[in-house]
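Asks: quick one: sequence plus predicted model below, questions after.
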Amino acid sequence: MSNPDRRSFFRRSIPLVPATLIGASGAAVLADQAASAFLPATPGPAVDIRAENATTYSPTFFNADEYRFLQAAVARLIPADDRGPGALEAGVPEFIDRQMQTAYGSGALWYMQGPFMTDLPREMGYQLKLPPRDIYRLGIAAADRWCAGKLGKRFAELAAAEQDQALTALEKGAEGFDAMPSGTFFSMLLTNTREGFFSDPLHGGNKDMVGWKLIGFPGARADFMDWIERDEKYPLPPVSIHGVRAKV
Amino acid sequence: MARTLPKTDVVVIGFGWTGAILSKELTEAGMNVVALERGPARDTDPDGVYPQTMDELTFNARKKLFVDVSKETVTIRHDVNGVAAPNRQLAAFLPGTGVGGAGLHWSGVHFRVDPVELRLRSHYEERYGKRFIPDGMTIQDFGVSYDELEPHFDFAEKVFGTSGTAWTVKGQNVGKGRGGNVFAPDRSDHFPLAAQKNSVSASLFSQAAESVGYHPYNMPSANTSGPYTNPYGAQMGPCNFCGFCSGYACYMYSKASPNVNILPALRLDPRFELRTQCQATRIELAADGKTATGVTYVDASGQEVFQPADIVALCMFQFNNVRMLLLSGIGKPYDPVQNTGVVGKNFAYQNMATLKVFFGKDQHYTNTFMGAGGNGIALDDFNADNFDHGPHGFVGGSPFWVNQAGTKPISASVTPPGTPGWGSRWKAATADYYAHHVSMDAHGAHQSYRANYLSLDPTYRDAHGQPLLRMTFDWQPNDIRMNLFMQEKLGAVAKAMGGQTVGFYGKKEGSRFDTTSYQTTHLNGGAVMGTDPATSAVNRYQQSWDVHNVFSLGASSFPQGLGYNPTGLVAALAYWTSRAIREQYLKRPGALVRV
């Protein structure tokens, strides 16, 4: 396009969303107001997980202790800081809990026939018998035991710096982590945390599209005919599959 | 016992690109064709409708359109002395399943082939001498030339609605200074559509490549630059660079697929029948072992069915063709120790290196969320044998390119080397560079070796109780040398782009094949075509040397991996084989090549 007309661009960039779904935006606004009450603005102290109990989501897979671990851990993996909300505020624990009820959570997307050879080089890929539900159930318990043994408290009760220290140890492969290689647990937790932070809000995370706003992903707008050649910032806020526009 | 159905003329196993092309060509010739697809029915609606298709978690992270490895996977080991382990999660490669196969979820990069690569061993022996090819490297000639295939490349591009810029058409230069590729072989016609617009990333790459003396050109893309109707009457809409090509069905009907470009025409033909959720388990042979009588399959309800046919065509993903031949006892299995047999030999892949340039916020907005999978700028200065390999001591070449296909947010964390994987520093880097980086690939050719082959696994089985296919595969010294060379040459372009830093993601000395990291889905060989039945499973028409009414189509026929993506050659070979069946085989069924 020579001499592009910005105004016409904005007019034509209204996302192609079914009209019946636009009403869904109201619910998202309410959820966001509820969440904003406990957003830590800067890194530092561990997240006050008691405040989390005030949120409306009740986990269906994780028990209370497990969910507390999850809330605390994701808050360190993607912290709330001067760049904006983190994984906790984005609803990542809710996302992970929901994922446990899917085919993914039960390991139904993986080849799970034995025999299982568990001592192969990393390049040969995942070889454990455990589906994600078991990795979390066993991994969280093992992580809490590990933290209690090494740092004197369960993970959620540690100070932020100690939580980071524990996560770093688990990532590198902690001795005395008795359920599975600690790196396997850490890797799944980090992968799912990123997924929950960046996937469409319909999966329960990325509330108010905070993950997308952070990086400048416009969501399901899906038409860049007029922008592909422009070396400049894309101006429109993200929109979700349900047609909700992120607040900026 | 299997229920036996009435006989059909042709049974096609697998309905991706080759299955669709062969079905269309043979029904046009008056034959009745039954296509068996193991996966579900799929089409733009409902599998690619907007906005539901803009769901990275469902499609890319949870791999909705890809093969269900819980039912069937492969096992992998690095060398012949190891025990192979199942590939339990999809990662390094992503075969498809369902109607359209990998042709539904591909990107749309639609090359022809460099003519040299069709006669690779002959070419290297002529130019560099026989001793230049290392011991244990088993590269071969295809047995078909570029000139023979040219009309089929041309027609396939018209079926796909391919966008691009020709260099020469019938010897006339039409592409100089317009985005044509100086190294491209001659063409009989222009691309059906002009090249697409360039992303900022591609433009930056093009300028940098020119500044270091390379020759950038418009990548041929099976994503449309405008509205299009193909020779079958199938209609395509213009691509809007939504960034959801690879791993997705295209909601704009802009990315060529068997579903969009061929199936609408086939559906109108009463001679064609597509049966979904039908898993072929075996090709049945007559008592003499020299003719196939049909295909046994398991239907959606779990019943075993026998479909008799005069012709059986294997049109599955590369390694599934090889597995079906092995399960059916067609052709002699390869033995790498004795170096005998043909089925499973010359298994090859691609040899990728990726470089990323990271810009400052005040430098460039590359807006990596937008783009199209086939669209981009490439250069062939180091592809095929366009440069003198003599001083460098490796076989093979690599095109370089930027095809900004749309970096989605879950895979958005593209951070400079040395950035931690989580925490505030990770978060800041992800935010800073997502819209400010360029990713470029050396998309290298990969050679075949005695050490890399396919066979049936002795231990692991699929959901039907049949042995899984076993890959014995690792990178060889030639591959590492080539990869390091390409990183250096592509590095010159990356550095010329003037970013803050460049990340190199390629092979190093000692790199082993890593099943956990995506490379490409471009697996090749195992049932290779050729001119000698002692070294190839199918002849130059992709016809089994052993069972004349069995044809095996696709990248399983490639004796080694190409520099370019394979789909263009896969499609051209499917038309080449279709014509041989129509014009020669139907008149006189039997071997099309006699030795």
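Replies: That came in fine, so what should we check first? In this text, all values refer to a predicted model and were calculated from it rather than measured experimentally.
Asks: for the stretch 401-550 of chain B, what lies in contact range of chain A?
Replies: B:408-410, B:412-413, B:421-424, B:426-428, B:430-431, B:434-435, B:459-461, B:512-516 (CB under 8 Å from any CB of the partner chain). The C-beta positions use only the backbone N, C-alpha and C, and glycine is treated the same way.
Asks: show me these that map onto strands.
Replies: B:459, B:460, B:461 (DSSP state E).
Asks: any idea of the pLDDT on the last one?
Replies: Which is residue B:461. In the predicted model, residue B:461 carries a pLDDT score of 98.
Asks: correct me if wrong: it contacts residue B:469.
Replies: No. Using CB atoms under 8 Å, residue B:461 makes no contact with residue B:469, being 11.2 Å away.
Asks: please, where are all the helices along chain A?
Replies: Counting by DSSP state H, one finds helices in chain A at the ranges A:6-12, A:25-36, A:49-52, A:64-77, A:92-99, A:132-151, A:160-172, A:182-198, A:210-215.
Asks: of these, give the one that comes closest to residue B:288.
Replies: Of all the helices of chain A, helix A:132-151 sits nearest to residue B:288, with 51.7 Å by CB to CB.
Asks: what packs against the closest one?
Replies: The helices and strands touching helix A:132-151, judged by 3 or more CB pairs under 8 Å, 6 or more residues apart in numbering or on different chains; DSSP states H and E, are helix A:64-77, helix A:160-172, helix A:182-198.
Asks: for residue B:546, which non-adjacent residue is closest in space?
Replies: residue B:331 (5.1 Å; CB to CB, 6 or more residues apart in numbering or on different chains).
Asks: that older thread, give me the more crowded residue out of residue B:461 and residue B:469.
Replies: The neighbour count for residue B:461 versus residue B:469, taken as other CB atoms under 10 Å in any protein chain shown, is higher for residue B:469 (27 against 13).
Asks: return the set of residues that bridge with that one.
Replies: Legend: beta-bridge partners of residue B:469 under DSSP bridges are residue B:74, residue B:456.
Asks: let's verify residue B:207: helix, strand, or coil?
Replies: In three-state terms, and counting by DSSP: H, G, I helix; E, B strand; the rest coil, residue B:207 is helix.
Asks: and it, how many neighbours?
Replies: The number of residues packed near residue B:207 is 15, by other CB under 10 Å.
Asks: what ranges of chain A fall below the confidence cut-off?
Replies: Within chain A, the segments meeting pLDDT under 70 span A:1-55.
Asks: all helices for the stretch 151-300 of chain B, in order.
Replies: The residue ranges that make up the helices of the stretch 151-300 of chain B, judged by DSSP state H, counting those that start in this stretch, are B:200-211, B:258-261, B:263-267.
Asks: which of those sits closest to chain A?
Replies: Distances from chain A to each of these were compared using CB to the nearest CB; the shortest belongs to helix B:200-211, at 4.7 Å.
Asks: picking that back up, can you list the helices and strands packed on helix A:132-151 in a markdown table and add distance to residue A:211?
Replies: Rendered in a markdown table, the data for the helices and strands packed on helix A:132-151 read as follows (distance: least, CB to CB, whole Å):
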| stretch | distance to residue A:211 |
| --- | --- |
| helix A:64-77 | 12 |
| helix A:160-172 | 20 |
| helix A:182-198 | 4 |
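Asks: mind putting the ones you listed in CSV, mean neighbour count and distance to chain B included?
Replies: Below are these laid out as CSV (neighbours: other CB atoms under 10 Å in any protein chain shown; distance: least, CB to the nearest CB, whole Å):
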stretch, mean neighbour count, distance to chain B
helix A:64-77, 23, 4
helix A:160-172, 18, 7
helix A:182-198, 23, 4
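Asks: which among these is found nearest to residue B:142?
Replies: Nearest to residue B:142 among the helices and strands packed on helix A:132-151 is helix A:182-198; the distance by CB to CB comes to 41.0 Å.
Asks: next, the angle from that closest one to helix A:92-99.
Replies: In this structure, helix A:182-198 runs at an angle of 100 degrees to helix A:92-99, with axes from the mean of the first three to the mean of the last three CA atoms, to 10 degrees as the basis.
Asks: for helix A:182-198, name the packing helices and strands.
Replies: In this structure, helix A:182-198 packs against helix A:64-77, helix A:92-99, helix A:132-151, helix A:160-172, helix A:210-215, with contacts taken as 3+ CB pairs under 8 Å, 6+ apart.
Asks: please name the nearest non-neighbouring residue to residue 85.
Replies: You didn't say which chain, so I picked chain A. Leaving aside its sequence neighbours, residue A:85 is closest to residue A:210 (4.4 Å, by CB to CB, 6+ apart).
Asks: ah, I was thinking of chain B
Replies: Counting by CB to CB, 6+ apart, residue B:85 lies nearest to residue A:124, which is 5.0 Å off, once chain neighbours are set aside.
Asks: tally of neighbours for that neighbour?
Replies: Residue A:124 is surrounded by 23 other residues when neighbours are defined as other CB under 10 Å.
Asks: next up, the contacts around it.
Replies: B:76, B:85, B:515 (CB atoms under 8 Å, 6 or more residues apart in numbering or on different chains).
Asks: for residue B:254, see how far away residue B:235 is.
Replies: Counting by CB to CB, to the nearest Å, the gap between residue B:235 and residue B:254 amounts to 11 Å.
Asks: any idea of the mean pLDDT in stretch B:410-418?
Replies: Computed over stretch B:410-418, the mean pLDDT rounds to 91.
Asks: before we move on, the earlier item: which ones are touching the residue nearest to residue A:85?
Replies: Listed by CB under 8 Å, 6+ apart, the contact set of residue A:210 reads A:84, A:85, A:89, A:90, A:197.
Asks: so which of those wins on neighbours?
Replies: Across the contacts of residue A:210, the neighbour count under other CB under 10 Å reaches its highest value at residue A:197, namely 33 neighbours.
Asks: which residue packs closest to that residue, ignoring adjacent ones?
Replies: In this structure, residue A:197 finds its nearest non-sequential neighbour in residue A:211, 4.2 Å apart by CB to CB, 6+ apart.
Asks: same question, residue B:477
Replies: Using CB to CB, 6+ apart and skipping residues adjacent in sequence, the residue nearest residue B:477 is residue B:134, 7.6 Å away.
Asks: is it true that the one you found lies in a helix?
Replies: No. Checked against three-state DSSP, residue B:134 lies outside a helix; its state is coil.
Asks: correct me if wrong: it contacts residue B:482.
Replies: No. Applying CB under 8 Å, one finds residue B:134 not in contact with residue B:482, separated by 11.7 Å.
Asks: what do those two both touch?
Replies: Shared contacts of residue B:134 and residue B:482, defined by CB under 8 Å, 6+ apart, comprise residue B:395.
Asks: more neighbours: which of those two?
Replies: Taking residue B:134 and residue B:482 together and counting by other CB under 10 Å, residue B:482 has the greater number of neighbours (28 against 15).
Asks: for the stretch 351-500 of chain B, which spans come out with low pLDDT?
Replies: For the stretch 351-500 of chain B, not a single residue meets the criterion pLDDT under 70.
Asks: please enumerate the helices of it.
Replies: B:423-433, B:477-496.
Asks: ok, residue A:62 - contacts?
Replies: A:70, A:93, A:96, A:97, A:100, A:136, A:140.
Asks: how does it look with 7 Å?
Replies: Under the criterion of CB atoms under 7 Å, 6 or more residues apart in numbering or on different chains, the contact list for residue A:62 reads A:70, A:97.
Asks: so what does it have for phi and psi?
Replies: Residue A:62 has phi and psi values of phi -80, psi 140 when expressed as degrees, to the nearest 10.
Asks: how close does it get to residue B:165?
Replies: When distance is defined by CB to CB, residue A:62 is 55 Å away from residue B:165.
Asks: how about the residues of the stretch 251-400 of chain B near chain A?
Replies: Within the stretch 251-400 of chain B, the positions adjacent to chain A are B:364, B:365, B:367, B:369, B:370 by CB under 7 Å from any CB of the partner chain.
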